[in-house]
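Q: structure for the following, please:
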Amino acid sequence: QVQLVESGGGLVQPGGSLRLSCAASETIFSINVMGWYRQAPGKQRELVAAITSGGSTNYADSVKGRFTISRDNAKNTVYLQMNSLKPEDTAVYYCKAEKYRPADRVVDAYWGQGTQVTVSS
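A: Purely as a prediction, here's the structure:
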């Protein structure tokens with residue numbers, strides 16, 4: 001079991017910045033992919049950004065150029081730096097960890113509890 005604890009959410013004005021943190025209970029070297037997802041009221045949860053154990057990144061088109069995902073292996077923590085925030089970025093942001101078990105062809109997925117981000121003037 002991987003436990004994930006998010007922090008850093010809050011209320012910010014349009015154009016502002018926030019940095020979310022996701023601390024894992026074990027070394028993130030053992031986690032194949034870590035990602036940030038978000039879910040706005042009445043909408044499905046969507047991928048925002050992801051980073052692999054090798055450092056490759058992937059972003060939703062809506063956040064490219066504004067958000068940056070990064071990892072600190074020494075702290076077992078993944079970050080999401082969010083700049084130029086827009087009201088449509090308002091959502092609960094969740095951290096997700098994926099561990100592959102190739103022998104069983106299984107992907108174990110773990111979620112954090114979520115952190116609210118509200119962009120409003």
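Q: so what's T57 closest to, chain neighbours aside?
A: Distances taken as C-beta to C-beta, 6 or more residues apart in numbering put I51 closest to T57, at 5.0 Å, once the chain neighbours are dropped. Any C-beta I mention is one placed from the backbone N, CA and C, and that applies to glycine too.
Q: what helix or strand does V2 sit in?
A: Using DSSP states H and E, V2 sits in no helix or strand.
Q: report how many residues lie close to it.
A: If you count neighbours by other C-beta atoms under 10 Å, V2 ends up with 20.
Q: measure it to R71 for me?
A: Distance, V2 to R71, using C-beta to C-beta, to the nearest Å: 14 Å.
Q: can you pull the contacts of the residue most central in space within the chain?
A: Residue closest to the average C-alpha location in the chain (C-alpha atoms, centre = their mean): W36, at 2.0 Å. Applying C-beta atoms under 8 Å, 6 or more residues apart in numbering, we find W36 in contact with 20, 22, 47-50, 69, 78, 80, 93-96.
Q: longest strand in the protein, by residue count?
A: Ranked by residue count, the top strand of the chain under DSSP state E comes out as strand 91-101.
Q: how close does N32 get to A109?
A: Applying C-beta to C-beta to N32 and A109 gives a distance of 10 Å.
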